[in-house]
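Q: this one's structure only:
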C-alpha cells in the first residue's frame, strides 16, 4: 500500500455541506454545524487483531455493542461485532493507516481508508432529539440512548452513524452524497423552532 | 346574525371572544371555543348536507368524530381546501369559510334529490342487477352518470402548500382518550413514575367531563376536578399531554400512530408550523380509554335535519351553550334520553315528550323527568317525522304486545334519540384483540388482548362515573407496573386486573346499561318507509333485509352489498344497529353474525401526514458526485440513475442532445475526453482469504491475478443469471478493489455479505463500501496518457510498465490515487480514483491539462454510444435478469475449471444452454440513417398473423457519429447462428430491415486500447 | 336463476323487492363430488363456473374457510390489464381481458368492468426502454398498449404532476382496454352463476387435510365439516396455498407476504384512469363511489397476519402525493391488508401437481384479480381434462426445476 | 413496523433491518452433485409456514450482521432471535408468549 503523506496545498478538499451550512439559520434550540475534515478508517478483523489495532490508533476499540471510546481527540466507534469506525478529526489518514497496518501485520484483519466517504454534522441543543426523531425512529431518551452510545441507523431514507457526545449534543456521520439530503431534512425539522 | 339558539349563560365557550365566519357564503357569528357545528346550531342552522345516494337533506347527527352528515369543505384559500371535514370537529376561528357539499345548485334546493323519488328502484345493490346492456354501455354511459352523482366533497385542484411533519416518540404508557378513565389512568401511571403520553382527539382534554354540569368528583364540580387534574399532569415532567391528537392506527408491536392537528384551529397559522404532525408512538404499554359512542335509533324518517343524538344535544347545551331547538321530542331506549331532556330543559329547551321504548320506566332520571313535569311515555315509539328541510313534527305511537298503535303527531323542531351506548372498541380491534359479545351489556367488549394494551372505562363496558374513574386509575397503575418489567413487544402473561390503590369518589347520574339494537317497530308498510341505519350512505333497514333475503349471511357480505358501515364514519353510528337488524332477519344471535373488522384509521387521516417532508427534492435523496457542480456549471444536462444525478451530456450553445453526443464521441475517438464515473459502486475486499472469496462470488478465476492487475468480473445470482459486473483491481495479495454497476452497488455488497456471513463465516475476509470514498475520473482517448502524465507522480505510465488492465498507486498533484488503465470506450483509457474530497480539484486539474488537446467532458449518453460501438454490455440494459453469461457473450469470463461459484450449478440445467436462447448480437439497419427504437422487437416475418412470433428485441441503439451510421445491440434467439442474416424490426406502421452482425462495430481487434 | 335486468328491478320494485331470492344456496356438503375446489375466491368460483358451463361437470363443491370472496378478491385494488411482456403471460392475461369484456352479460351480473385505461409511468430511461419493449411485444401479440410522451401522459390524466418532482415523468405506457372492475361483484356473480348450474358453495368450511390413497392419488379432503370424497381437488387458496399443499405433502416455491391497500374518503370525479408507477411504487384509481383506491407494496417479511406496517403505507402515500400533490389534503378512510403468495419468477402456477388428482392455481402475487375469469377458465380445463389448456401449459411447477422461468419481475419490477 | 431484537444491538425498529427469507437452508457443499430437482428444492421451495417461522434478518442499518429469528407468522411476534450459525432453538409457538 502506498499512501501519500501530504496533499499538495494547491488542491483544497471540497466541503459538500459548505453552501448549505453558510445559509443556515442560528437556532439555539437545535444548532446545526458542518464538521471539518477528519481521518476515517474502517477496521474489521478477528479477535487477535483488535487489541493491537486499538493500541496503534491510540484509543482502545470498544467491545461493548454500540459504544465508543475517546481519547486525545480521537474516537473509536463500535459499528458491529467485528467492525469499528476510527475517527481522528483534523488528522491525515495515511500515517494512521500505516501505523495500524504495521501493528496488525500478519493478523487477520481489514483496514480501509474511508476518510472522504462521509461527512460529519453536529446537532446540539435542547431540541436536538426532537429534531432527530423526525427522521429517526430510535428512542433518544438518555436511558435508551445514553451519552457514549453510537450506532448506525437511519434518518429518513439515508443511513447515518449517530453518536451522542453529551445529553444535548449529537454527531451524525453520513455518506457524502446523502449529506445534503440529511442536512435539508434537519433544517426542515427544526424550522418550527425559529 | 344573532345567536338565537344560545343559552343565556354557561358552557365552555368564551362569550367575550366573538368570531365571525361564513357558511355557504352567508356570514354568521360564534364564539371562541365553538365548533363550526355548535356555532351553526346557535344560529339556528341544521341543514348542512345532502346524503350520498338519495341527496336527502341532512343535519347534525352528533357532536363528535362519529358525525356522518355534517361534512363540509373548509378552505383558507384555493390551495388550502379540505373536503369532507366534520363540522362537529372543525374549531371555529375568525374568518373561517366553509361550504356544504354534494348538492347542486344549492343546499336547500338540490336537483340530485330526484334520486329520493326514484328510491324504490334503487335498493341495495341495484347496480349489480342492471346497466349491463348493451355491452360497453357501462363504461360509456352509466358509469359516468353514477360517478358524477357519487362522491361527497370536491378534491382540491391545487397542490397543498402546507407542511406536515412526523415524529417518533417513546413512552412507558400511552393513554388514548382523556375522558375520566383516561385522565385517571394517566394520573395513576404518572404517579408510578412512568413516562406517560395522554392524547385526545378533541381540542380540550376532558372527554365527557366537558359536558358535565352537575357531577362532582372528589368533592369538586367535575369541571374543577378536571382543571386541577390537568394542572397536576401538566406540572409533571414525565407526562406529555396532547390535545387535538387522534390515535388513528394501532400497528404491530405497540406502534400507535397519532395525528396531531397543529394549526387547523388557528386563524393565522405561523408559516414555520406544520399543519399536522404525525406521532409514531412506541409504547411499552397502552391504555385505551376511548369511551363509548351513543347509538341512534332506527325509525322511519329518522334522518331529517333536527333529528340528532340525545347526548350530543346535551353536549351542545352544556359544553357549547347552544340549544338544538326550541321544542324537542325525545325517543330513547335508555336513561340517557332523560338526562338530555333534563339538561336541555334547564338550558331553556321545551321538551314536548319523551317516548321510551321500554315498558318499565323507573329509576332516578325518569323520576326526575316526571317531577319536572315532562310528558314521559313508556312503550312508545316514533313511527315517523315530518318537515321539509327541518323536522317539524314527530309521530308517536304506543306499542302494545308488539303491536304498534295509532300515531299521534307532536310538533317539534328537534328530535333527540338515544339507543344506548356502544363501547368504542376500534383501537382494541385494530390491535388484533378478540372482541367478545356481552349479552348483558348488549355490546361487543374487549376480550383477549394480543398487544401489550388494556382498555379502561366505558370502552370496555364499565359505566358510572366513579367506576370509570377507578377503572381508569387501576388500569393506569397496572400499565405502569407492566411497563417496568417490559422486555419485548410480545405480550407476557396477562396480570390479574388490580383494584385501584385509591378510591375516586364521584357522583353523577347513573345511566345503567339499557339500550336497543336494531330497528324499532313502526307498523307502517316497510316498502314506503325509510328508517336509516347508515345516514351518509343512505342504507335503510329494508336494504339490510333485502341483502339477507338475497342470501348474504355474513355481516361482511351484508356490509359490502348494502355499503352499510362503509361511509366516512366507518360504521361508528351504524354497525351495531345493522347487526341487530341482520340478526333479526336471519333469526340468528348477534355473535353468530360476526362483526366486521375495524381497520385503521379510526377517523379519516390526511394523506400529507403520511407523506410528511418527503416531497420534491427530498422525496428521495438526490445523490450528487463531487464533480456534479462542475458539470452543472458547464451546462450539463443530468439524468436520474437510481437516486444519483449523472451528467447526461454537455451541450454547447445551440446543440441538442444528438449534436452534443456526436461531438463528444468524436472527441474521445480523435483526441481525449473525460467522464465522471464516480457513481460506480466500489467495495474493498480485504483479508487473507480475499482471493478465495472472490473465486466463490464471481464466475472468474482470481487466484492467479497478480497484484497490480485488473480483471473484468461477472457476478451471477444463484439462479445462474447475470447480476452485476465490474472491473476488479488486485491491490495486494489480500486486497481487491471491486467495482460494481451504479445501481447495483448496495445489492452486490448485500449479496456478498450474505454469503460471507451465513455460508462461509470461516473465511478471513471483510468487505467495506468505498463507493463514496473515491471520485473516479475516466480519461479516455488516444491522448489520454499525454494529458495525465504531467500530473502523476510515482507511477511509470509507459505502455510496458503500465499495460492495459493494470492498477498502480501514486499521487496526482499530490493527492493519493489508484490509477487504473482501463477502457469502457475501446480507446486508450485511464480511470483516476482519488479521495472524493479532491474529486473536483483533480477533475479541474485534468481538464486544464487536457485543454491543449481539446479535452471534452462527456456524459452518460456518449459513454453508452462508445461502449456500444465496442459491444460492451451494460447490465440492466443488455441483461434483464434472464441472461446467462454465455447469452451476452461473456462465456469467456466463466472459470470452467472452478468447482463451484455462486450460480454455477444453475448454469448446468439443460435450459440454460438451449440453442434457442436469446444471445447478444449486433444489428445494422439496411438504411444506415434509421436508428432503431430501444425495446423494439425483432421478427422473421412481420406479416405473420398475430401473435407474431418474436425472435428478440433491441437492447441498445444509437447513431454512431464515428461510424456515420446507426448501430444497435440486440438479444436474439439463437442470435450467434443468425449472424449475416436479415431480420425485421416491425414498427406500428412499417417494418425495418436489419442485418444481424457481430456486436463489435468499431476496432474489432482492439488495437486502439494500447494507444 | 332469477334474471337480473333493469326491467326485473323495476318489476320487483313494485312489490317492494320482496320476491328476490338468494343469489346462491347455503347447502350442506355432500359426501362426494366429482371435483372439490378449495377456496371460494374469484379464481375458485370462476373455475367452478367454467367446469359446469364448459365441461358439463356440475357435481362440484367450492369449499371456503370463511365467506366467499373474503380473501384477496375482496381486498385488492381491482386493476385489470394484460400488457405483460412475455408471450406466455400476455396470452394468459389477454385471455382474461377478453372474458372480462363480456363477463357481465355472460354471468348476468354487473361486474362493472370499466376500461378506463391503465397508464404506467416511466420516470427514467430504464423505464422507457422497458415499457417500449412491452409496447412492441404487446402489439405483436395483439395486446393493446401504447407509448405516450410526457405531454400525452398529462393530457390523458390531467391531475398528474409530471415535472416538478424528484423523478419527473418522461412518458408512459397506456393500455386503453385496461381498467377496473367491481371486486365483490366478480365473486358474487361467479358464485351465483355457478350455483345456478348446480355447484355447491360451502362457506365456513375449512380444509384440514388432503387424503391420498395407496397409489398416492387424491381421494378427497378432510374438512371442519367432515370428509368430502373427490377424485379431483383443485386448490385455489391464494395466500394460503403453501399451507393447503403441505397437507398433501408438497413443498411449494411460494412465500406469502402482506400486501396493503387503502382508500380515501369519497370525492367527486377527480382522477380519470388507473395510474401505476413501479419506480416510485404506487398505483391509484378512483372508484365509482369516489374513493381513491391506492395500492401499497408488500411488507418485507412473510406473514399470514393480514396487516402490515405503517411505513409501507406511508411510503405509498409519499409517492401518491408526489404524483398528485393536490391530493395531500385528501384523507385516508380505510387501510387493510391481504396475503399474497409470490413465486420466484412472479408468474403464477396453474398446473397439475406430482399428486394425481391434485391441481393448483396459485402464485399470483399482487396481480391475481385481473386474471380471475381467464385463470378460472384454464384451471377448469386443466381439472376437467387432467391436462393444461395451451394457455396455461407453460405455467407449471416444473418450470422452476427446468429453468424455464417466466420472469415478468425481471423486466418490469413488480407485476401488479 | 416490527421491533426486532438484534442479538448484538438489542431491540430496534424494523426499518433498520432487511428480511432475508427462510433460515437454515444451507447452501449444498457440492452443488454439482445434486439433481436438478434437488437443486430447485434448495433454490426455490420454501416452507412458508402459517405459524412459527425460522427466518433470517440482517441488521443492515445497524451492526450489519445476519441473524436468525423465530417468528409467528400469524401474530408477527418474535419468539426469539439468535446468531447466524447457531442451531434453531427448540421452542414451539405457544411457549414464546406470542399468543
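A: That came through fine. Computed from a predicted model, the values in this text were never measured in an experiment. Numbers count the residues shown, from 1 in each chain, chains lettered A, B, ... in the order given.
Q: count of neighbours near residue 143?
A: Picking chain A for this. Residue A:143 sits with 8 neighbouring residues when counted by other CB atoms under 10 Å in any protein chain shown. Just so you know, the C-beta spots here come from the backbone N, C-alpha and C atoms, and that holds for glycine as well.
Q: if you could check chain C rather than the one you did, that'd help
A: 25.
Q: I'd guessed it sits against residue C:178; true?
A: No - if you go by CB atoms under 8 Å, residue C:143 and residue C:178 don't touch, sitting 9.9 Å apart.
Q: list residues touching both of these two?
A: C:82-83 (CB atoms under 8 Å, 6 or more residues apart in numbering or on different chains).
Q: ok, the residue in chain A that chain D sits nearest to - contacts?
A: Using CB to the nearest CB, the closest approach of chain A to chain D is made by residue A:80 at 3.7 Å. With contacts taken as CB under 8 Å, 6+ apart, residue A:80 has the following neighbours: A:44, D:8, D:62-65.
Q: and chain B, which of these reach it?
A: A:44, D:64-65 (CB under 8 Å from any CB of the partner chain).
Q: tell me the one of the contacts of residue A:80 nearest residue B:351?
A: For the contacts of residue A:80, the minimum distance to residue B:351 (CB to CB) is 65.4 Å, reached by residue D:62.
Q: which residues does the spatially most central residue of chain A bridge with?
A: Closest residue to the average C-alpha location of chain A: residue A:173 at 4.0 Å, with CA atoms, centre = their mean. For residue A:173, the beta-bridge partners under DSSP bridges are residue A:120, residue A:161.
Q: pretty sure it contacts residue A:158?
A: No - between residue A:173 and residue A:158 there is no contact under CB under 8 Å: 11.2 Å.
Q: take the ones next to chain B among the contacts of residue A:80 and keep only those in strands.
A: Assignment to strands by DSSP state E places the following of the ones next to chain B among the contacts of residue A:80 there: residue A:44.
Q: what about residue B:24, how many neighbours?
A: When neighbours are defined as other CB under 10 Å, residue B:24 has 16 of them.
Q: please name the nearest non-neighbouring residue to it.
A: Distance criterion CB to CB, 6 or more residues apart in numbering or on different chains; nearest residue to residue B:24, sequence neighbours excluded, is residue B:100 at 5.5 Å.
Q: would you list the phi and psi of that neighbour?
A: With angles defined as degrees, to the nearest 10, residue B:100 sits at phi -80, psi 170.
Q: can you check residue A:19 too?
A: According to degrees, to the nearest 10, residue A:19 has phi -70, psi -40.
Q: over to the one 10 residues further on?
A: As for residue A:29, its main-chain torsions (degrees, to the nearest 10) stand at phi -70, psi -20.
Q: got it, and residue B:732?
A: The phi/psi pair for residue B:732 (degrees, to the nearest 10) is phi -160, psi 170.
Q: per-residue pLDDT of it, please?
A: Among the per-residue scores, residue B:732 holds a pLDDT of 98.
Q: so what sits opposite it in the bridge?
A: residue B:735.
Q: wait, it touches residue B:709, no?
A: No - using CB under 8 Å, residue B:732 is not in contact with residue B:709; the gap is 11.6 Å.
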